[in-house]
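Novice: predicted model and sequence below, questions to follow.
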Amino acid sequence: MKLFGHNQTTSSREINRIGRKLFKTKWLGALAADEIPNPLRDKSYTIINLDTRASGLGGSHWVARYTEGDNRAYYDSYARAISTILPYAHARARDTDLTPNVNDQEKRGVNSKSCGQRSMATLLIARDFGMEAFMQM
């Protein structure tokens with residue numbers, strides 16, 4: 001299923017269109033860092049930009065948040081600790097087990113534009129296989 005159709009920067013409008021299609025009522029949106037909503041009681045899916053709406057910067061990097069009950073986990077395609085890049089994250093937030101791969105990071109580079117697509121892909125893994133699989137990303 002081809003949803004994005006490109007490997008360029010992904011807009012919040014595009015991510016929201018695809019997120020609503022894939023996750024229905026459990027999709028909370030593609031949002032700025034200062035707009036992170038409370039998760040649903042069961043499962044919920046969100047993609048968050050590290051920039052705040054107030055900054056007016058237009059967005060810098062997307063990360064995924066998957067919640068299952070009281071568990072909140074985040075995925076960053078650069079494998080950085082969520083507490084260092086997203087100070088608005090909940091105190092109980094957990095990082096995925098992604099270990100940076102030097103070769104993969106060199107391919108993506110600091111100007112990579114696939115973080116929105118990568119975040120959506122990890123949320124699909126969470127939807128289909130649950131928290132344990134998401135945490136292994």
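Specialist: Ah, there it is.

Novice: mind naming the longest helix for this structure?
Specialist: As assigned by DSSP state H, the longest helix anywhere in the chain is helix 115-129.

Novice: remind me what that helix packs against, helices and strands.
Specialist: The contact analysis (3 or more Cβ pairs under 8 Å, 6 or more residues apart in numbering; DSSP states H and E) places helix 115-129 against helix 12-23, strand 43-49, strand 62-68, strand 71-75, helix 131-135. The way it works is simple: take the backbone N, C-alpha and C, and place the C-beta from them, glycine included.

Novice: again, only this time at 7 Å
Specialist: With contacts taken as 3 or more Cβ pairs under 7 Å, 6 or more residues apart in numbering; DSSP states H and E, helix 115-129 sits against helix 12-23, strand 43-49, strand 62-68, helix 131-135.

Novice: for this protein, which residue is closest to the average position?
Specialist: Closest to where the C-alpha atoms of the chain average out (Cα atoms, centre = their mean) is Ala64, at 1.4 Å.

Novice: next one: Asp76 from Gly19, what distance?
Specialist: 18 Å (Cβ to Cβ, to the nearest Å).

Novice: so for stretch 118-133, mean pLDDT?
Specialist: Taken as a whole, stretch 118-133 has a mean pLDDT of 95.

Novice: if you could redo that for stretch 14-26, that was the one I meant.
Specialist: 96.

Novice: quick check: buried residues in that stretch?
Specialist: If you call a residue buried by 16 or more other Cβ atoms under 10 Å, then stretch 14-26 has these buried ones: 14-15, 18-19, 22-23, 26.

Novice: now do stretch 76-94
Specialist: Buried residues in stretch 76-94, counted by 16+ other Cβ under 10 Å: 76-80, 82, 85-86, 89-90, 93-94.

Novice: give me the subset of those residues lying in strands.
Specialist: Counting by DSSP state E, these place Arg94 in strands.

Novice: now flag whichever of the buried residues of stretch 76-94 is closest to Gly130.
Specialist: Arg94 (14.0 Å; Cβ to Cβ).
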